[in-house]
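>>> Just a sequence and a predicted model for now, questions to come.
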Amino acid sequence: MKTRLQRRAKSGFTLVELLVVISIIIVLAAMSFGAAQMAMNKARKTQALADISAIEQSIERFFSEYSRFPNISSQSDEVQTTGEAGVELLTILLGKEETGTSMQNPRQIPFLSGIKEGKRNRGGIIYGQGGSSASIEGLYDPWGNPYVILMDDDYDDEIRDPIKSGTIIRNRKVVVYTLGNDKQPGTNDDVKSW
């Protein structure tokens, strides 16, 4: 009688099986990374829109209270939320002007609220040393860019569209926008109030 030798099956994975599993893991990781990036970008746009709305509403409340816009020393009709003019505007809207006869917000009403304190020029109001009691350095969008503000200084309810050349935005006292991550006008990541 002949006896057959039976081979025992080896336990474990073959090289091909391991490569297939690794490939599947890589594909799934790439897909989840893309989805995470999309979710983060959507969250940034939502935060930027909330900030833009808060800025616009604060200027409109200032206008309702004092029947004029804040008078700031700007070189153009656009004011960025950084630099001398932007810091001056934020100081007025936050009700943090130094007490004196030249105050534009003499009641020191904090018109601008609902914007968080940011860190390292990323998403929020940046204060100097000492936190919110210190001097303001600027207000930045979630991508680290300043917001841009245009006010209807001639009170005709018309503002030139800063993104689409030759277009007029009607029935607005103020418009606020940011160009988003790519810093290019007219792209999908622009966030604007109109």
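Right, received. Where do you want to start?

>>> Just want the most central residue of this structure.
What sits nearest the mean C-alpha location of the chain, by C-alpha atoms, centre = their mean, is residue 141, with 2.7 Å.

>>> check contacts around that residue.
By C-beta atoms under 8 Å, 6 or more residues apart in numbering, residue 141 lies in contact with 44, 47, 48, 51, 123, 147, 178, 180, 191. Quick note: C-beta positions are derived from backbone N, CA and C, even for glycine.

>>> Would you double-check that the second one falls in a helix?
Right, the one you point to is residue 47. Yes: the assignment for residue 47 (DSSP: H, G, I helix; E, B strand; the rest coil) places it in a helix.

>>> so where does the closest residue to it other than its chain neighbours fall, helix or strand?
Leaving aside its sequence neighbours, residue 47 sits nearest to residue 142 (C-beta to C-beta, 6 or more residues apart in numbering; 5.0 Å). Following DSSP states H and E, there is no helix or strand that holds residue 142.

>>> Use 37 as the first number for this chain going forward.
Understood, numbering begins at 37; the last thing we discussed is residue 178.

>>> show me what contacts residue 178?
Contacts of residue 178 (C-beta under 8 Å, 6+ apart): 79, 80, 83, 84, 158, 159.

>>> please redo it, this time with the cut-off set to 6 Å
Contact partners of residue 178, counting by C-beta atoms under 6 Å, 6 or more residues apart in numbering, are 80, 83, 84, 159.

>>> Can you show me the strands along the protein?
Secondary structure of the chain (DSSP state E): strands at 114-116, 160-163, 172-176, 184-187, 194-196, 204-206, 210-214, 227-228.

>>> Tell me which of those strands lies nearest to residue 57.
Nearest to residue 57 among these is strand 227-228 (41.8 Å), distances taken as C-beta to C-beta.

>>> Direction included, what does that closest one pair up with?
Neighbouring strands of strand 227-228 in its sheet, by DSSP bridges, are strand 210-214 (antiparallel).

>>> so residue 141 touches residue 128, yeah?
Yes: with contacts counted by C-beta atoms under 6 Å, residue 141 reaches residue 128, the gap being 5.0 Å.

>>> More neighbours: the two, which one.
Relative neighbour count places residue 128 above the other of residue 141 and residue 128, with 24 against 19, counting by other C-beta atoms under 10 Å.

>>> For residue 56, see how far away the more buried one is.
Per C-beta to C-beta, to the nearest Å, residue 128 is found 64 Å from residue 56.

>>> cool, and residue 110?
With C-beta to C-beta as the criterion, residue 110 and residue 56 are 62 Å apart.

>>> And for residue 97?
62 Å.
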